[in-house]
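1. after the sequence you'll find the predicted model.
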Amino acid sequence: MSSTILEGILPVLPTPFKDDGDVDLVAMRQAAQFCIDAGASGLVFPGVASEYDHLSSWEQLSLLREVCEVADGRIPVICGGGKGSPEEIGSNIKKAGELGVNVAMVLIPAQYAGDEAGALRFMLSVIGLAQDVDIIMQNAPTPIGAGLDSEILARIVSASPSIKYVKEEALPSGPRITALNDAAADHLIGVIGGGGARYVIDELNRGAVAAMPAAEITDIHVKMWNAYKRGDVSEARNLYMRSLPLLVIQTIYRMRLTKYALTKRGILSNSIVRAPLPEFDAFDEVELCTQLESLSNCFDLAPLTPVGL
């Protein structure tokens, strides 16, 4: 099986919920279609930004099925393995494979922080159970992930040719990307940037092959990426600097901000989250609306609407 080539902007889709708290399959399709129309090179679901630790296995699979149907083979769909034992994660990936997914992202759990042998056993166990898929090994900082050093990651990559990519989110991500590109085995296709695209220009400068931000401004991220790749670094940096204040606020409100922005853009109907996140107050809403309005001339798709929370 040939490896799937990933490059460009790969947004992590949020999980929409209905007013009664159930997952919203129709809104899931709308979010996926928005990202495709915006020029995304692939779709990621479920990821940490999808609230996967607050979804049942059935909900994850049902939502992933909708994403795959919308993508319809036009761009790759990357499934997140979720949380749990290697057996549970391997099962999730196998079920995704039945939907046609052939790339899976596996987060090294926080329990393996500083534990190279344990992280290696975990990854090899998952890979052994989830056969015939390319693996993205996700290195997130604690307490979300293990935040392993680049040298350890490179050795884990060397242990399995199934690991084709590393998503590096531990900080500082830039030097870590450089170290991985310098030290990793030949079968590693590339390193993918994370951290909500808050460091994307530095990551690009260091050879990142893709970025995995959240989905609220996929169109801007695609414009940024395309400008950089055609050599217009000044325009890429301009878009980066304009979008950065919103992404800084996102570090606090996370999925709630993503859904709020997508609601303001008419893609979702509410910003309901299951994750225990801070609520917006009136001052927050004014600031968020100001930030979104400052970006509105970049919204070729889904312009701002007066829809509230």
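-> On my side now, so go ahead.
2. break down this protein into its helices, ranges please.
-> Counting by DSSP state H, one finds helices in the chain at the ranges 25-37, 57-71, 86-98, 116-129, 150-158, 173-183, 200-205, 218-229, 233-253, 255-264, 282-295.
3. go through those helices and pick out the most buried.
-> Using mean count of other Cβ atoms under 10 Å, the stretch among the helices of the chain with the greatest mean number of neighbours is helix 255-264 (a mean of 25). For glycine as for every other residue, the C-beta is placed from the backbone atoms N, C-alpha and C.
4. quick one: which of the helices of the chain is nearest residue 6?
-> Distances from residue 6 to each of these were compared by Cβ to Cβ, and the smallest falls on helix 218-229, at 12.7 Å.
5. list the helices and strands the closest one packs on?
-> strand 8-9, helix 200-205, helix 233-253 (3 or more Cβ pairs under 8 Å, 6 or more residues apart in numbering; DSSP states H and E).
6. between the last one and helix 255-264, how big is the angle?
-> So the one you mean is helix 233-253. Our comparison of helix 233-253 with helix 255-264, counting by axes from the mean of the first three to the mean of the last three Cα atoms, to 10 degrees, yields an angle of 120 degrees.
7. rounded mean pLDDT for helix 233-253, please.
-> Taken as a whole, helix 233-253 has an average pLDDT of 97.
8. again with the second one
-> This predicted structure assigns helix 200-205 an average pLDDT of 98.
9. what are the contacting residues of it?
-> 173-174, 177, 193, 208, 211, 213, 221, 224-225, 228, 233, 236-237, 240 (Cβ atoms under 8 Å, 6 or more residues apart in numbering).
10. make sure residue 86 is actually in contact with residue 119.
-> No. Counting by Cβ atoms under 8 Å, no contact exists between residue 86 and residue 119, whose distance comes to 11.7 Å.
11. can you redo the helices of the chain as a markdown table with distance to residue 51?
-> Formatted as a markdown table, the entries for the helices of the chain read as follows, by distance: least, Cβ to Cβ, whole Å:
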| stretch | distance to residue 51 |
| --- | --- |
| helix 25-37 | 13 |
| helix 57-71 | 10 |
| helix 86-98 | 15 |
| helix 116-129 | 21 |
| helix 150-158 | 26 |
| helix 173-183 | 23 |
| helix 200-205 | 23 |
| helix 218-229 | 18 |
| helix 233-253 | 13 |
| helix 255-264 | 6 |
| helix 282-295 | 20 |
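12. which among these is found nearest to residue 140?
-> Nearest of the helices of the chain to residue 140, taken as Cβ to Cβ: helix 173-183 at 10.6 Å.
13. helices or strands next to the closest one in the packing?
-> In terms of contacts (3+ Cβ pairs under 8 Å, 6+ apart), helix 173-183 is packed against helix 150-158, strand 163-168, strand 190-193, helix 200-205.
14. one step back: of all the helices and strands packed on helix 218-229, which one comes closest to residue 113?
-> With Cβ to Cβ as the measure, helix 233-253 is the member of the helices and strands packed on helix 218-229 nearest residue 113 (20.6 Å).
15. quick check: residue 213 vs residue 164, distance?
-> Residue 213 is 20 Å from residue 164, where distance means Cβ to Cβ, to the nearest Å.
16. pick out whichever of those two has more residues nearby.
-> Neighbours were counted for residue 213 and for residue 164 using other Cβ atoms under 10 Å; residue 213 has more, 27 against 21.
17. list the contacts for the more buried one?
-> Applying Cβ under 8 Å, 6+ apart, the residues near residue 213 are 9, 11, 12, 196, 197, 200, 221, 247.
18. could you find the lowest-pLDDT member of those residues?
-> The member of the contacts of residue 213 with the lowest pLDDT is residue 196, and it reads 93.
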